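>>> What follows is a predicted structure for the sequence shown.
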Amino acid sequence: MNDRAIRFTGLAGLAGGLLLFSGDMLLYYDPVSTDLLRNMSHVAVWRLRLSTLFALLAAWAYLAGAVQMYLAFRPAPVWVRRPVTAFFAAILVAYGVIHAHYMAIALTARLAVLHGLDPVEATRLARDHNHLLRLVVYPLFALLSILFLYAVWKRRTLYPRWIIFFFPLFPFFLQGPLDRLLSGPLHTVIVGGFFNLLLVLFFGASTFALWHPREAASSPEIDGDG
């Protein structure tokens with residue numbers, strides 16, 4: 001296994017997360033408001049354009065990150081490795097698509113404000129369509145989670161078991177409590193960029209865990225029970 005490949009793909013995934021998090025902030029960030037929809041309605045046009053560009057660049061970087069998952073699952077059976085890679089890649093592409101679709105919401109909200117309309121009502125249809133995209137992703141994420149947790153816990157991958165705590169499934173459940181507890185700019189940063197921050201956390205931990213993959217591959221963990 002090429003050490004550089006596994007490191008590069010992990011860093012690419014990390015870069016994708018940071019790019020799309022920056023895109024979130026271009027859409028949402030306002031130092032005096034935590035209303036994300038209304039914040040989108042008055043951001044500068046250059047911010048919308050740059051956020052759209054980041055969606056495409058981040059999707060490409062995220063796809064490279066999916067290769068790291070494939071390399072980490074090389075010791076796993078084919079029936080686990082291939083679906084995990086496919087589901088992870090599909091989800092990461094969806095991140096870029098869903099973010100790009102937010103431009104429809106932001107532009108509709110902007111036009112609503114310009115014409116004295118309620119941005120919440122004006123964007124309802126666009127937000128419903130965005131939710132439809134998310135509904136397609138959730139079953140893939142459920143299947144990915146089952147296979148990922150099974151293989152890592154059974155020590156059939158290059159990952160140590162502690163990576164489970166950084167897999168997006170468990171941090172995902174913090175979204176509700178954080179939404180209620182945080183306020184001000186911190187709320188906008190954490191809640192507005194939450195899903196991409198999950199991947200920044202995962203790719204950071206994954207790249208750290210796999211920085212010396214040959215050492216991990218020769219570890220007794222790989223030949224564990226099961």
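Thanks, I have it.

>>> drop to CA atoms for contacts and neighbour counts, all remaining ones
Noted.

>>> Residue 43 in helix, strand or coil?
For residue 43, the assignment made with DSSP: H, G, I helix; E, B strand; the rest coil gives coil.

>>> The spatially closest residue to it that is not a sequence neighbour and residue 168: what is the separation?
Leaving out its chain neighbours, the residue that sits closest to residue 43 by Cα to Cα, 6 or more residues apart in numbering is residue 27, at 6.9 Å. Distance, residue 27 to residue 168, by Cα to Cα, to the nearest Å: 23 Å.

>>> These two - which one has more neighbours?
Using other Cα atoms under 10 Å, the more surrounded residue of residue 27 and residue 168 is residue 27, with 30 against 19.

>>> surely that one meets residue 45?
No. Using Cα atoms under 8 Å, residue 27 is not in contact with residue 45, being 10.0 Å away.

>>> so after the strand or helix carrying residue 189, what's the next helix or strand?
Assigned by DSSP states H and E, residue 189 belongs to helix 184-192. Using DSSP H and E, the helix or strand that follows helix 184-192 towards the C-terminus is helix 194-209.

>>> quick one on the thing from earlier: may I see the buried residues of the helix holding residue 189?
Neighbour-count burial for helix 184-192 flags 185, 187-192 (criterion: 16 or more other Cα atoms under 10 Å).

>>> Also stretch 24-35?
Of the residues in stretch 24-35, 24-30, 34 count as buried by neighbour count, 16+ other Cα under 10 Å.

>>> Out of those, name the ones that lie in strands.
Of those, none are assigned to strands by DSSP state E.

>>> Nearest to residue 75 among those?
residue 24 (36.0 Å; Cα to Cα).

>>> Which pLDDT value goes with that closest one?
We note a pLDDT of 96 for residue 24 in this prediction.

>>> mind listing what it touches?
Each residue near residue 24 by Cα atoms under 8 Å, 6 or more residues apart in numbering is listed here: 51, 192-193.

>>> ranges for the strands of the chain?
Under DSSP E, the chain gives no strands.

>>> remind me which residues of it are low pLDDT?
Within the chain, the ranges that satisfy pLDDT under 70 run 1, 213-226.

>>> Where do the helices of it begin and end?
Ranges of helices in the chain, per DSSP state H, are 3-28, 36-40, 45-72, 78-114, 119-122, 124-153, 169-172, 175-181, 184-192, 194-209, 213-217.

>>> Tell me which of those helices sits most buried.
Mean neighbour count, computed with mean count of other Cα atoms under 10 Å, is highest for helix 3-28 among those, reaching a mean of 23.

>>> Can you check what angle separates that helix from helix 184-192?
120 degrees (axes from the mean of the first three to the mean of the last three Cα atoms, to 10 degrees).
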